[in-house]
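Asker: Whatever this is, show me its structure:
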Amino acid sequence: MSDRNLMKNIEVNFGELSQALVQLGYKILDEGENVRFVHKKSGSRVLIKKREPSKNIWHPIFVATSNELVLFGILEDQADLAKLIEKNRLATAQKAAA
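Answerer: Presented below is the predicted three-dimensional model:
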């Protein structure tokens, strides 16, 4: 799947996004109804309404988060966040199959 199609078609849940952001060096701050992800080195901050880990993130929020990571130099390309999530999904599936 091309990077453009991946970004256009991927559905990401809160747990997957949280895991990926932590892998990229973000710390999680629980703020009641919201969760703030803080990347101390770059100064990036991502605020997302708290959800159950299995609940999907609204796609425009995911795209905006991907763009934030590029703007702050954490990732090189907008699709890199989606690729990381896909990689994590594959690793989870492989562990489950073993």
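Asker: remind me, longest helix of the protein?
Answerer: Of all segments of type helix in the chain, defined using DSSP state H, the longest is helix 80-97.
Asker: now it, how far from the centre of its chain.
Answerer: 12 Å (CA atoms, centre = their mean, to the nearest Å).
Asker: Stretch 67-85 too?
Answerer: The answer for stretch 67-85 is 9 Å, by CA atoms, centre = their mean.
Asker: what pLDDT, on average, does that stretch get?
Answerer: Averaging pLDDT along stretch 67-85 gives 96.
Asker: show me where this protein has strands.
Answerer: Applying DSSP state E to the chain gives strands spanning 27-31, 34-39, 44-49.
Asker: Make a markdown table out of those and add distance to residue 60, mean pLDDT and mean neighbour count.
Answerer: Bear in mind the C-beta positions are built from the backbone N, C-alpha and C, glycine included. Shown next, in a markdown table, are the strands of the chain (distance: least, CB to CB, whole Å; pLDDT from 0 to 100; neighbours: other CB atoms under 10 Å):
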| stretch | distance to residue 60 | mean pLDDT | mean neighbour count |
| --- | --- | --- | --- |
| strand 27-31 | 21 | 95 | 11 |
| strand 34-39 | 17 | 97 | 17 |
| strand 44-49 | 12 | 96 | 16 |
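Asker: Is it possible to get a markdown table of these that adds distance to residue 56?
Answerer: Output for the strands of the chain, formatted as a markdown table (distance: least, CB to CB, whole Å):
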| stretch | distance to residue 56 |
| --- | --- |
| strand 27-31 | 19 |
| strand 34-39 | 15 |
| strand 44-49 | 12 |
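Asker: Those strands: which one's closest to residue 12?
Answerer: strand 44-49 (11.1 Å; CB to CB).
Asker: which residue is nearest the centroid of this structure?
Answerer: The structure's the chain has its C-alpha centroid closest to residue 17; by CA atoms, centre = their mean the separation is 3.1 Å.
Asker: gap between the residue lying closest to it once chain neighbours are set aside and residue 18?
Answerer: Spatial nearest neighbour of residue 17, excluding adjacent residues (CB to CB, 6 or more residues apart in numbering): residue 57 at 5.5 Å. Separation of residue 57 from residue 18 (CB to CB, to the nearest Å): 10 Å.
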